[in-house]
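**Student:** Need the 3D shape of this:
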Amino acid sequence: MLGAGLMSYAKRSIEALNAGHTDFEGRAALAALGDTVGATNLLEGAQGRDVVTDRVLYSQERSERLGVGLGSGATAVFGSRFAGFGKTLGPRAASSLGYTPYSIPSISRPSYSNPIIYGKYTTPQGILLKGNIFAGARQGGSALLRTKSLAAAYRATIDAAGGSPHGGRFFHVLRHFHDQPGRVGPGGGPSPHGVFAPWYRRGVVFLLDSAYEGSSNPSGTAFGQVQVHSNRLQIAAWLEGQPIIGAQFGHPAAPRFGQPLDLYTVVIDQTTKQPVTMFPGPAE
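**Tutor:** Have a look, this model is predicted:
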């Protein structure tokens, strides 16, 4: 609107100069302001005169200005609805050609190799992903100085980088795409860690959305079991006809090490629509 107003002011100023007017700045500014929402064009079309130069407008010009005024007014009033309608048309057109939002290359779509450095991303299904590498590095450094523990620094980094001080969120999800063979439990024994197969690293958003869609569309391609715990939605899902989702690696001595799985679980906060975690295997 600012750009349209500036262009309109320049255009009307030139018209006023060409018509021999010298004291036109105020009228041109008001006319340009009205042009941004179509009010000035509607007034000129109805009255048949240019509001800045007072020039008589003939039928063709009056019709043009009425049309521009109606179009600008409709855009100003219903612009957000037009945008929403356009967003629905885009996926429909792509879907009719065999494309999905996940098959079209996009540099903005987060993945294991393309984490959210700073900011947020909303998936096609409406799941909110956040990231802040800078906050993660700051908290991780502070934890290292305070505890002298690399493990504590790593946890603090992941938690803060995920966009929330209360959990890793997206960065916690990414941890399940990286094997941690030395992982141990509080007692020092081997602890399993659900790790997704490497070929899913590009499809983090797809895995999140397919499980979330399955929670409301049981007849879809991804569905398992949905449970609500407090404000968290726990979804166990599988992908039909796809390779194995992953395996429990963690440590060779851990239970179910190396077991093929076609099932995975996603936990989503229902209030914020942020993922809490996601891992291969059934919910436990």
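**Student:** for the residue nearest in space to the middle of the chain, what are its contacts?
**Tutor:** Residue closest to the average C-alpha location in the chain (C-alpha atoms, centre = their mean): Thr122, at 2.2 Å. With contacts defined as C-beta atoms under 8 Å, 6 or more residues apart in numbering, the neighbours of Thr122 are Leu128, Leu129. (C-beta placed from N, C-alpha, C; glycine too.)
**Student:** Tell me how far it lies from Asp50.
**Tutor:** To Asp50, Thr122 is 46 Å away according to C-beta to C-beta, to the nearest Å.
**Student:** and Leu129, how far is that from Phe170?
**Tutor:** For Leu129 relative to Phe170 (C-beta to C-beta), the value is 4 Å.
**Student:** which residues do the two both contact?
**Tutor:** Here Leu129 and Phe170 have Pro110, Ile116, Gly163, Gln274, Pro275 as joint contacts, going by C-beta under 8 Å, 6+ apart.
**Student:** most surrounded residue in those?
**Tutor:** Counting neighbours by other C-beta atoms under 10 Å, the top entry in the shared contacts of Leu129 and Phe170 is Pro275, with 28 neighbours.
**Student:** contacting residues around that one?
**Tutor:** Shown in contact with Pro275 (C-beta under 8 Å, 6+ apart): Ile127, Leu129, Arg169, Phe170, Val173, Leu208, Val266, Val267, Ile268, Asp269.
**Student:** ok so it is a strand residue?
**Tutor:** Yes - membership of Pro275 in a strand is supported by DSSP: H, G, I helix; E, B strand; the rest coil.
**Student:** Before we move on, what's the pLDDT of it?
**Tutor:** Pro275 carries a pLDDT value of 90.
**Student:** Show me which helix or strand of this protein is least confident by mean pLDDT.
**Tutor:** Between all helices and strands in the chain, the lowest mean by mean pLDDT, DSSP states H and E belongs to helix 59-96, at a mean of 77.
**Student:** which helices and strands sit right next to that helix?
**Tutor:** Helices and strands touching helix 59-96, by 3 or more C-beta pairs under 8 Å, 6 or more residues apart in numbering; DSSP states H and E, are helix 39-47.
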